[in-house]
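**Q** below is the structure, and that's it, no one-letter string:
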DNA sequence: CTGAAAGCGCTTACAG
DNA sequence: CTGAAAGCGCTTACAG
């Protein structure tokens, strides 16, 4: 099926011949830190320029056993949080002289074809965003000496490195905020129920509500998906005991839920219903939404991810590392305000209970 | 700086020894269509399984002169149109057994470092979305036998393949729609002024307006950027001759412009101002916006792109090909309706002048 | 600093 | 169908 002929490009031997030096000299010229005299280098560079030579990264990888490629697996890109992450990852990886091989879709089952491809390309590291690895696959990576970092997700056994934020505290903070705002009936629209982010956010929310004597939470399942969140919202808003305070597990869904509330049920936000989201992603900030949201410090999360990877690649030590960052509850207009605790810092309004 | 040791993985020779066959036999087992007896294959497969062998794609590339990697360059991902494209590209490329190497950022200048990397990895094809290549660089690709496809953009000289939609007709259609809607003062917020999409959309819009006797168009520059579009909108809405019909060059900006109109200027849409966008991307469909927009058939565009690439890779013929698709003017609530011409097809409302 | 040589892990004529 | 051998384009001891 591949009948075509790709011209095979200029090689180091051709450059060597042209420059009147050995092939090794050409190689050294393009290897930072290699021992080469200025004069030889100059001859080589001239010949390379004339011929349009570029070292073949594939051949280099074969020798060095380093591809300088990082695989990034993202389950989906509809949620703008992830494109933002991807762009930042690209920026940082390029700075470290690494390339980014992108896979979309999940990696849940064992012996996934996507996983096979990662291994075949001998990637130097793997970043998994919004998805996790089976314990079997992560073991295989460890055996192969390939560092893996989970982004915005963890596994129970802590066996694989991860970068997350304090989701449980975030859930608590949201509950405290809504309680302080004088709400009485609390609702939750969940993400993917088995995900660590969802479990932690909900656990914190429920705990703090329970401590304040609120044991009944109206729950809908959104699976981090717009359509499912909308369906869950419709059902929830049709109930006689419709909540007046609703925590939606991320902004991607919160935006959709807000539209359902306003345009399908005619609810006034935040008068009839307060909505709080998570991530502080683009649309949450748009004037039409103004969603009060727990932020995740995306740039610092990406930085930590690249950091862990680079550290493990250069040290060869693959020990699970867990970086846990903190966000803030960014206060906008989608939820009723408590009397105290909202402060302004650097032009952003933030909820810090105990302060006023 | 790379002190680490990556275990070098199981090789075909190791599998061969274990299976009691030659290394060639192992290779043939993993080469579809190669001549190998079922018995040998079975022995090899068993040994491979035990050892956890996976063919080294890097080594294979070196021989076959095919990396099975396609480079995708996307200038930015903030506009959800592009993440959508990326996800669809990933789906299609994986189906063709290709990998996707992602680069974000522009490729405008000659001898770009990003371009160097593409060449060093000997990618089999390049897709450029929302950015173009200098003529010098595209020549170099042609020389190297690497097919390039511009996605949603063209160059003047037609020298490099492209997939676009009829942007000029789209601009015309929008003008016709707004004229038929009885508007009197027309505005335009542009994309990147040098881009072919922007030029074509505006050219069609202006032509059709001129034909109807409307020669004055109030123009703002948005550069396909939210913040710039907002600034342009503010200036435009402050003018005494504020338009009552506004074409914003894509939905990504239209959403922002709409928020400025409603929340900063208290304009009622579409009563005070009609807004039409382009792309028919996610947020345009959200209830808070409901933007009337020229659609671009994203999936078919991606399909055409992959198609061109696969054709050129397998034939070895790199002749510029241009696929031009059509979209529809999807009618929602952000613009006043004409008396006739809006029809409903498959549950979507579309403007087809001449029909009712 | 430099060159000759070995070798990375494969594919692919070639001969049997 | 099978194996021995050459070779893809590099890096990297090794010896000078």
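**A** Ah, there it is. Source: prediction; values computed, not measured.

**Q** just give the number of residues close to the closest residue to residue A:325 other than its chain neighbours.
**A** Excluding the flanking residues, the one nearest residue A:325 by CB to CB, 6 or more residues apart in numbering or on different chains is residue A:165, at 4.9 Å. To be clear about C-beta, it is placed using only N, CA and C from the backbone, and glycine gets the same treatment. Residue A:165 has 25 neighbouring residues, counting by other CB atoms under 10 Å in any protein chain shown.

**Q** ok, residue A:165 touching residue A:323?
**A** No. At 9.6 Å, residue A:165 and residue A:323 do not qualify as touching, with contact defined as CB atoms under 8 Å.

**Q** quick one: common contacting residues for these two?
**A** Common contacts of residue A:165 and residue A:323 (CB atoms under 8 Å, 6 or more residues apart in numbering or on different chains): residue A:301.

**Q** is it true that residue A:18 touches residue A:51?
**A** Yes. Residue A:18 is in contact with residue A:51 according to CB under 8 Å; the separation is 6.3 Å.

**Q** you'd agree residue A:263 is up against residue B:289?
**A** No. Judged on CB under 8 Å, residue A:263 makes no contact with residue B:289 at a distance of 10.8 Å.

**Q** higher neighbour count, the two?
**A** residue B:289 (26 against 13).

**Q** now do the contacts for that one.
**A** Going by CB under 8 Å, 6+ apart, residue B:289 touches A:288, B:254, B:255, B:258, B:283, B:334.

**Q** nearest to residue A:151, of those?
**A** Nearest to residue A:151, judged by CB to CB, of the contacts of residue B:289 is residue B:283 at 24.6 Å.

**Q** do you know how far that closest one is from residue B:335?
**A** 16 Å (CB to CB, to the nearest Å).

**Q** tell me, how many residues neighbour residue A:55?
**A** Using other CB under 10 Å, residue A:55 has 20 neighbouring residues.

**Q** state the pLDDT value of it.
**A** The model reports residue A:55 with a pLDDT of 95.

**Q** state the three-state secondary structure for it.
**A** Of the three states, residue A:55 takes coil according to DSSP: H, G, I helix; E, B strand; the rest coil.

**Q** which stretches of the stretch 201-350 of chain A form helices?
**A** Secondary structure of the stretch 201-350 of chain A (DSSP state H, counting those that start in this stretch): helices located at A:226-238, A:251-259, A:282-285, A:298-315.

**Q** the worst-scoring helix or strand of chain A on mean pLDDT packs against which elements?
**A** Every helix and strand of chain A was ranked by mean pLDDT, DSSP states H and E. The lowest is helix A:135-144, at a mean of 80. Using 3 or more CB pairs under 8 Å, 6 or more residues apart in numbering or on different chains; DSSP states H and E, the elements in contact with helix A:135-144 are helix A:113-120, strand A:148-151.

**Q** pLDDT averaged over stretch A:116-134 - what is it?
**A** Summarised as a single mean, pLDDT over stretch A:116-134 is 88.

**Q** any idea how far the residue of the stretch 201-350 of chain A found nearest DNA strand C is from residue B:229?
**A** Closest contact between the stretch 201-350 of chain A and DNA strand C, by CB to the nearest atom of the strand, is at residue A:316 (16.2 Å). Distance, residue A:316 to residue B:229, by CB to CB: 49 Å.

**Q** cool, residue A:245 as well?
**A** Remark: distance between residue A:245 and residue B:229 (CB to CB) = 35 Å.

**Q** which stretches of the stretch 1-150 of chain A form strands?
**A** Listed from the start of the chain, the stretch 1-150 of chain A has strands (DSSP state E, counting those that start in this stretch) covering A:69-74, A:99-104, A:125-129, A:148-151.

**Q** next, format these as CSV and append distance to chain B.
**A** CSV is the format used below for the strands of the stretch 1-150 of chain A (distance: least, CB to the nearest CB, whole Å):
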stretch, distance to chain B
strand A:69-74, 8
strand A:99-104, 4
strand A:125-129, 10
strand A:148-151, 13
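
**Q** dump these to JSON lines, plus mean neighbour count and distance to DNA strand C.
**A** Below are the strands of the stretch 1-150 of chain A laid out as JSON lines (neighbours: other CB atoms under 10 Å in any protein chain shown; distance: least, CB to the nearest atom of the strand, whole Å):
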{"stretch": "strand A:69-74", "mean neighbour count": "25", "distance to DNA strand C": "16"}
{"stretch": "strand A:99-104", "mean neighbour count": "22", "distance to DNA strand C": "19"}
{"stretch": "strand A:125-129", "mean neighbour count": "26", "distance to DNA strand C": "19"}
{"stretch": "strand A:148-151", "mean neighbour count": "25", "distance to DNA strand C": "21"}
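
**Q** any chance of those in CSV, plus distance to residue A:185?
**A** CSV is the format used below for those (distance: least, CB to CB, whole Å):
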stretch, distance to residue A:185
strand A:69-74, 36
strand A:99-104, 39
strand A:125-129, 34
strand A:148-151, 35
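
**Q** can you check which of the ones you listed gets nearest to residue B:171?
**A** Among the strands of the stretch 1-150 of chain A, strand A:99-104 comes nearest to residue B:171, with 32.5 Å by CB to CB.

**Q** so which elements touch that closest one?
**A** Under the contact criterion of 3+ CB pairs under 8 Å, 6+ apart, strand A:99-104 touches strand A:69-74, helix A:81-95, helix A:113-120, helix B:81-95, strand B:99-104.

**Q** identify the spatial nearest neighbour of residue A:13, chain neighbours not counted.
**A** The shortest distance from residue A:13 to any residue other than its chain neighbours is 5.0 Å, reached at residue A:23 (CB to CB, 6+ apart).

**Q** pLDDT weak spots in the stretch 251-356 of chain A?
**A** Within the stretch 251-356 of chain A, the ranges that satisfy pLDDT under 70 run A:355-356.

**Q** where does it get nearest to DNA strand D, which residue?
**A** residue A:314 (13.8 Å).

**Q** one step back: so which of the strands of the stretch 1-150 of chain A is nearest residue B:299?
**A** Evaluated over the strands of the stretch 1-150 of chain A, closeness to residue B:299 peaks at strand A:99-104, with 14.6 Å, by CB to CB.

**Q** what's the angle between the closest one and strand A:125-129?
**A** Using axes from the mean of the first three to the mean of the last three CA atoms, to 10 degrees, the inter-axis angle of strand A:99-104 relative to strand A:125-129 is 40 degrees.
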